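Asker: fold the stuff below for me.
(one chain, ligands or ions: 1)
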Amino acid sequence: MPTCRHCSSTYSREQFIHGNGPNSQVCVRCGLEKGLITKDQATNMYDDSLRSSRLQAMARRYSVFMYIPLLWTLWIMVLSDVSPWGWYFLGLLVVLTLLAPVWFIYRGGQYSGDMARLTPAYERPKGH
Ligand SMILES: [Zn+2]
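Answerer: From the prediction side, this is the model:
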């Protein structure tokens, strides 16, 4: 993956502007900020609805890693010394914690598909 000359960030090729000289190896955001392209040319600067859909897809993917520590904290604070429910929920939490990475990997393809669907079309210039 190429690196932007200005912000040193690494993005996929779709996030870079076309051209030689000052336009080479410049990401879309830096291209806009430095005035190398106009807003109309930056199809990858997503409109608001597209941006929120992408954020939702990402939140759905990563939220599981927020919920599991939360559930563990709740278990420690509330249920750890309630017998026998503490033990039942401990088992449930262990199973959930072990399943989370498996689920995360399993859903990876769906996530890539969603993101591809939510990415504007990009015509690849010759030579790339
Ligand atoms: Zn940049």
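Asker: and the gap between the closest residue to residue 11 other than its chain neighbours and the ion?
Answerer: Counting by C-beta to C-beta, 6 or more residues apart in numbering, residue 11 lies nearest to residue 27, which is 5.5 Å off, once chain neighbours are set aside. All C-beta spots, glycine's among them, are computed from the backbone N, C-alpha and C. Here the distance between residue 27 and the ion works out to 3 Å (C-beta to the ion, to the nearest Å).
Asker: cool, residue 73 as well?
Answerer: 38 Å.
Asker: tally of neighbours for that residue?
Answerer: Using other C-beta atoms under 10 Å, the number of residues around residue 73 comes to 10.
Asker: which strand or helix spans it?
Answerer: helix 64-74 (DSSP states H and E).
Asker: how about the longest helix anywhere in the chain: buried residues?
Answerer: Looking across the chain with DSSP state H, the single longest helix is helix 85-106. The neighbour-count check on helix 85-106 (16 or more other C-beta atoms under 10 Å) flags 89, 93, 96 as buried.
Asker: was I right to think the second one contacts residue 73?
Answerer: Translated: residue 93. No. If you go by C-beta atoms under 8 Å, residue 93 and residue 73 don't touch, sitting 10.7 Å apart.
Asker: who touches the host helix or strand of residue 55?
Answerer: Assigned by DSSP H and E, residue 55 belongs to helix 48-62. For helix 48-62, the external contacting residues (C-beta atoms under 8 Å, 6 or more residues apart in numbering) are 46, 104, 107, 111, 114-115, 118, 120.
Asker: in strands only, show me those.
Answerer: Nothing among the contacts of helix 48-62 maps onto strands, per DSSP state E.
Asker: which pair in these spans the largest distance?
Answerer: Put simply, by C-beta to C-beta the two of the contacts of helix 48-62 set farthest apart are 104 and 120, 26.7 Å from each other.
Asker: ok, the residue nearest the centre of the chain to residue 32 distance?
Answerer: Centroid-nearest residue in the chain: residue 58, 4.6 Å away (criterion: C-alpha atoms, centre = their mean). Here residue 58 is placed at a distance of 22 Å from residue 32 (C-beta to C-beta, to the nearest Å).
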